[in-house]
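1. Provide a 3D model corresponding to the input given below.
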Amino acid sequence: MNSTRYIIWITNLSFAAGLLLFFYTRPYVDLLPFLVLHRWLPVLPPIVPPLFLFAVTALWLWFRTKGKRLLFLAVIASFLPVLITLSAPILPEVLFDRQWFLITIVLFILSPIFITIASPLIRKLNVCRIALFILSAWLLSFSFMFFVFLLMSRANALPLSATFALVTGLSVLTYSLSGGKCGFTSKLLIMANVILFLAAIAQLFFTGNAKTSDDIEEPLRKAALITAGPYLQNMQKTSITILWETTTPLPGKVIVSPRKEALLSPEIEQGDSPAEGQCITVESPSVTIHEVTINNLAENTPYYYRVVSNGVGLEIGSFRTAYEGSEPFDFVVYGDSQEMFDWAEYLVRNRHKEVCNSILTNSPQAQFVVHVGDMTFLGNEHERWIREFFGRAGELIRNTVVWPVIGNHELNASWYFDYFSLPNADEHYYSFDYGNSRFIVLAVEGYAVGHEYGPPTRTPMEPGSPQYEWLKKTLENSQDKTWRFVFFHQSPFASGIEGGYTPASKIFEPLFEQYHVNAVFSGHDHLHEVSIKDNIVYIVTGGGGGPVFSLQPDLRHNPYSCYFKATWHHCNVHIADDGFEIKAIDLKGRVFHSVKVIGNYSPNITLQE
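-> All right, here's what the predicted structure looks like:
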């Protein structure tokens with residue numbers, strides 16, 4: 001008797017250890033950080049936790065079924081699809097496959113039938129109850145698969161908690177229909193889930209009510225007939241461009257001054273140059289998309305501006321002109337802020353607004369922002385631009401220049417080129433200087449031509465193409481700069497679902513190495529990843545608000561990966577004369593990873609989690 005109890009304790013502890021080890025593995029440790037901190041234990045090969053969990057579960061079930069082979073095999077068959085579903089994010093390169101998906105579905109369908117045949121208790125039930133048991137088990141299986149999908153997608157609280165409550169309720173119902181007795185634990189579990197579900201509903205009513213500056217300014221915007229902006233573009237040492245869009249063609253104007261109080265005075269003193277401390281007014285003709293360039297500004301100087309539209313003066317914005325020199329500065333990079341299908345918002349809410357707020361709160365010293373593409377889900381739809389980009393980034397872009405990168409979801413549509421003012425005749429690619437650095441933006445849109453969410457034509461980048469020759473010349477002329485940074489949408493090295501774009505690595509990488517590019521920033525995959533090859537840091541920063549999906553990295557096509565995490569975030573880059581540091585910051589303001597580069601041509605690169 002004592003030996004049997006001893007064996008039961010060992011099997012229970014082994015099963016608990018298997019569960020702990022399994023959920024310690026990424027991505028579960030990122031989704032469930034309250035379980036165990038990732039750095040406390042060594043990182044194991046992804047295949048180990050699922051195999052260990054299967055082994056200890058088989059041992060545990062053998063004793064639970066008291067050695068009845070048929071029942072044991074039936075229960076194991078029902079556990080296998082659960083393990084496969086849970087393991088898919090850990091082993092995506094193996095289990096994210098149509099064949100494994102079909103196997104999982106078949107096992108989920110057959111497992112309650114196997115248990116019915118193997119269990120004497122269930123066989124004693126009447127036919128109607130057996131049918132209800134099988135139906136309940138099927139509903140449980142598919143609800144469980146959907147719950148895991150929502151968990152990996154970091155779904156909204158309401159659908160996630162509702163699905164979890166459904167899984168729990170169906171578990172209790174299935175167990176009851178099989179002849180089991182629902183005790184105190186089952187009732188307590190159901191009560192806890194009801195409370196969780198009600199808390200998620202309450203969250204809908206008690207969050208998001210705080211007014212932002214955008215909300216406060218909304219009556220002014222409506223009176224001014226503004227649909228987008230005002231926002232800043234094309235920041236140079238002595239000039240900047242200010243844009244806004246109106247519902248109908250209207251004349252407008254921009255007033256600029258180095259003194260904020262001058263824009264509040266009813267009597268605005270006019271001058272020839274804002275650099276002299278006076279106000280300057282630049283008129284805009286009667287158009288819908290207004291583009292006004294302010295010239296004769298002083299280098300590295302703060303200014304204030306106010307747009308007047310339809311006779312209404314909007315909220316005052318601010319900016320600082322660029323400069324050339326070794327003074328330290330910060331900038332921000334993020335991307336992939338687009339929504340998905342309209343119905344998907346009910347499951348996974350877009351977090352672009354929260355990312356913008358995080359930038360304003362946690363990177364207030366940033367001199368500018370680079371968005372690495374996919375600003376809207378469908379770039380040929382005007383309404384999506386207004387809702388997904390301008391509506392959510394309004395406060396950020398009013399006071400900070402956002403340099404855009406064209407992605408696949410922009411669809412090479414005219415709205416992209418209408419909304420942005422960039423320093424090159426072909427606005428697919430361009431460059432600008434700031435401080436001691438050169439910033440180069442390229443067009444690597446991602447996805448093949450003709451894809452539903454890809455451009456109708458891809459910008460040529462092969463040797464001899466205008467983009468390639470322009471890049472080569474730009475890099476040649478940047479050797480007097482301390483640092484060189486490159487931005488394009490789909491990374492040459494990536495371990496996410498989308499993966500790296502091989503042509504970009506074959507065509508551009510030799511130029512990057514020859515002309516000593518220091519870092520390359522991309523998006524496309526909705527995650528944060530750091531790869532290092534030949535002293536060049538490659539960053540994927542696609543957590544700008546679009547849906548993320550937590551997985552283990554697929555390293556088959558990216559042996560250079562050093563860090564990988566799927567979460568909403570932005571990157572803050574601090575530039576100094578002797579090096580730079582890239583910090584990945586999540587929505588709670590936590591720096592969850594950093595890369596520090598000291599030295600230029602043979603840099604010392606250190607990573608910290």
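
2. Just the helices from the stretch 151-300 of the chain, written as ranges.
-> Using DSSP state H, counting those that start in this stretch, the helices assigned to the stretch 151-300 of the chain run over residues 157-177, 184-206, 213-223.

3. Run through the neighbouring helices and strands of the biggest strand by length in the chain.
-> Criterion DSSP state E: the longest strand present in the chain is strand 240-257. If contacts are counted by 3 or more CB pairs under 8 Å, 6 or more residues apart in numbering; DSSP states H and E, strand 240-257 sits against strand 226-233, strand 280-294, strand 302-309. C-beta coordinates here come from the backbone N, C-alpha and C atoms, glycine included.

4. Quick one: those strands as CSV, columns for mean neighbour count too.
-> Below are those laid out as CSV (neighbours: other CB atoms under 10 Å):
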stretch, mean neighbour count
strand 226-233, 23
strand 280-294, 17
strand 302-309, 22
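
5. Which helix or which strand is home to the residue lying closest to Pro81 once chain neighbours are set aside?
-> What sits nearest to Pro81 in space, not counting adjacent residues and going by CB to CB, 6 or more residues apart in numbering, is Leu107, at 4.0 Å. Assigned by DSSP states H and E, Leu107 falls within helix 98-118.

6. Residue ranges of each domain in this structure, please.
-> Here the domain parsing of the chain from automatic domain parsing is 2-206, 213-320, 329-608.

7. center of the chain, which residue is that?
-> Gly543 (1.7 Å; CA atoms, centre = their mean).

8. quick one: secondary structure of that residue?
-> Following DSSP: H, G, I helix; E, B strand; the rest coil, Gly543 is assigned to coil.

9. backbone phi and psi for it, please?
-> Backbone torsions for Gly543, taken as degrees, to the nearest 10, come to phi -100, psi 40.

10. Next: the one 4 residues further on.
-> Recorded main-chain torsions at Pro547 are phi -60, psi 130, according to degrees, to the nearest 10.

11. residues contacting it?
-> Ser153, Arg154, Met340, Ala344, Val348, Asn350, His526 (CB atoms under 8 Å, 6 or more residues apart in numbering).

12. Give the rounded mean pLDDT of stretch 29-45.
-> Mean pLDDT, computed over stretch 29-45, is 60.

13. wait, stretch 67-78
-> For stretch 67-78, the mean confidence score works out to 85.

14. Any buried residues in that stretch, and which?
-> By neighbour count on 16 or more other CB atoms under 10 Å, the buried set for stretch 67-78 is Leu71, Phe72, Ala74, Val75, Ile76, Ala77, Ser78.

15. ok, and what's touching that stretch?
-> 58, 61-62, 64-65, 107, 110-112, 114-115, 117-119.

16. contact partners of stretch 469-481?
-> 424, 426, 429, 431, 433, 436-438, 440, 442, 484, 508, 511, 514-517.

17. Only whichever of those are buried, select them in PyMOL.
-> To isolate the buried subset of the contacts of stretch 469-481 in PyMOL, counting by 16+ other CB under 10 Å, use the following:
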select buried, resi 429+431+433+436+437+438+440+442+484+508+511+515+516+517
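
18. out of the contacts of stretch 469-481, which are inside helices?
-> Counting by DSSP state H, the part of the contacts of stretch 469-481 found in helices is Phe508, Leu511, Gln514.

19. sorry, back to before: tell me which of the contacts of Pro547 is nearest to Ile605?
-> His526 (25.0 Å; CB to CB).

20. My understanding was that the closest one contacts Gln338; is that so?
-> No: between His526 and Gln338 there is no contact under CB atoms under 8 Å: 9.6 Å.

21. In three-state terms, label the spatially closest residue to Pro27 that is not a sequence neighbour for me.
-> Among residues not flanking Pro27 along the chain, Ser550 sits closest, at 3.5 Å (CB to CB, 6+ apart). Using three-state DSSP, the structure places Ser550 in coil.

22. And for Ser550, the neighbour number?
-> 19 (other CB atoms under 10 Å).

23. can you pull the contacts of it?
-> By CB under 8 Å, 6+ apart, the contact list for Ser550 reads Arg26, Pro27, Asp30, Leu31, Pro89, Met152, Ser153, Arg154, Ala566, Thr567.

24. Kindly report the same for Phe331.
-> Ala366, Gln367, Phe368, Val369, Val370, Tyr434, Asn572, Val573, Ile575.

25. partner strands of the helix or strand containing it, parallel or antiparallel?
-> Assigned by DSSP H and E, Phe331 belongs to strand 329-334. Sheet pairing of strand 329-334 (DSSP bridges) gives strand 366-371 (parallel), strand 569-575 (antiparallel).

26. So which of these is the most surrounded?
-> Highest mean neighbour count of those: strand 569-575, a mean of 24 (counted as mean count of other CB atoms under 10 Å).

27. chain center to it: distance?
-> How far strand 569-575 lies from its chain's middle: 15 Å, per CA atoms, centre = their mean, to the nearest Å.

28. what's next to that strand, contact-wise?
-> Contacts of strand 569-575 (CB under 8 Å, 6+ apart): 328-334, 355, 358-359, 362-363, 366, 435-437, 483, 485, 519, 521, 528, 539, 541, 543-544, 580-587, 592.

29. who's the closest residue to Gly313 other than its chain neighbours bridged to?
-> Spatially, and ignoring its direct neighbours in sequence, Gly313 is nearest to Arg306 (5.4 Å; CB to CB, 6+ apart). Using DSSP bridges, the bridge partners assigned to Arg306 are Ile255.

30. which residues touch Arg306?
-> Taking CB under 8 Å, 6+ apart, one finds Val254, Ile255, Leu263, Gly313, Leu314, Glu315, Ile316, Gly317 in contact with Arg306.

31. any low-confidence regions in the stretch 301-450 of the chain?
-> The model of the stretch 301-450 of the chain has pLDDT under 70 over residues 343, 345, 446-450.

32. now the helices: where do they sit in it?
-> 352-362, 382-384, 391-399, 414-419.

33. Next: the stretch 1-150 of the chain.
-> According to DSSP H, counting those that start in this stretch, the stretch 1-150 of the chain carries its helices in the segments 2-24, 28-31, 48-64, 69-87, 92-95, 98-118, 120-123, 127-152.

34. out of those, which comes closest to Lys222?
-> helix 127-152 (36.8 Å).

35. tell me the angle that closest one makes with helix 98-118.
-> Going by axes from the mean of the first three to the mean of the last three CA atoms, to 10 degrees, helix 127-152 is angled at 150 degrees with respect to helix 98-118.

36. Can you report phi and psi for the residue nearest to Pro27?
-> Dihedral angles (degrees, to the nearest 10) for Ser550: phi -80, psi 120.

37. Spit out the contact partners of Ala228.
-> Leu243, Trp244, Glu245, Trp385, Ile386, Phe390, Tyr419.

38. ok, now with 10 Å
-> 221, 243-246, 288-290, 382, 385-386, 389-391, 394, 397, 419 (CB atoms under 10 Å, 6 or more residues apart in numbering).

39. Residues in a beta bridge with it, which ones?
-> Glu245.

40. Next, work out how far apart it and Val402 are.
-> Plainly put, Ala228 is 13 Å away from Val402 if you go by CB to CB, to the nearest Å.

41. what's the overlap in contacts for these two?
-> Contacts common to Ala228 and Val402, judged by CB under 10 Å, 6+ apart, are Phe389.

42. Return the members of the contacts of Arg306 classed as buried.
-> Val254, Ile255, Leu263, Leu314, Ile316, Gly317.

43. Now Pro463: closest residue in space that isn't a chain neighbour?
-> That would be Ile507: by CB to CB, 6+ apart, it lies 6.9 Å from Pro463.

44. how near is the one you found to Tyr501?
-> 10 Å.

45. between those two, who's got more neighbours?
-> Higher neighbour count among Ile507 and Tyr501: Tyr501, with 23 against 19, using other CB under 10 Å.

46. quick one, what contacts the more buried one?
-> Contacts of Tyr501 (CB under 10 Å, 6+ apart): 444-447, 488-494, 507-508, 522, 524.

47. If you rank the residues you listed by neighbours, which is first?
-> Ser522 (33 neighbours).
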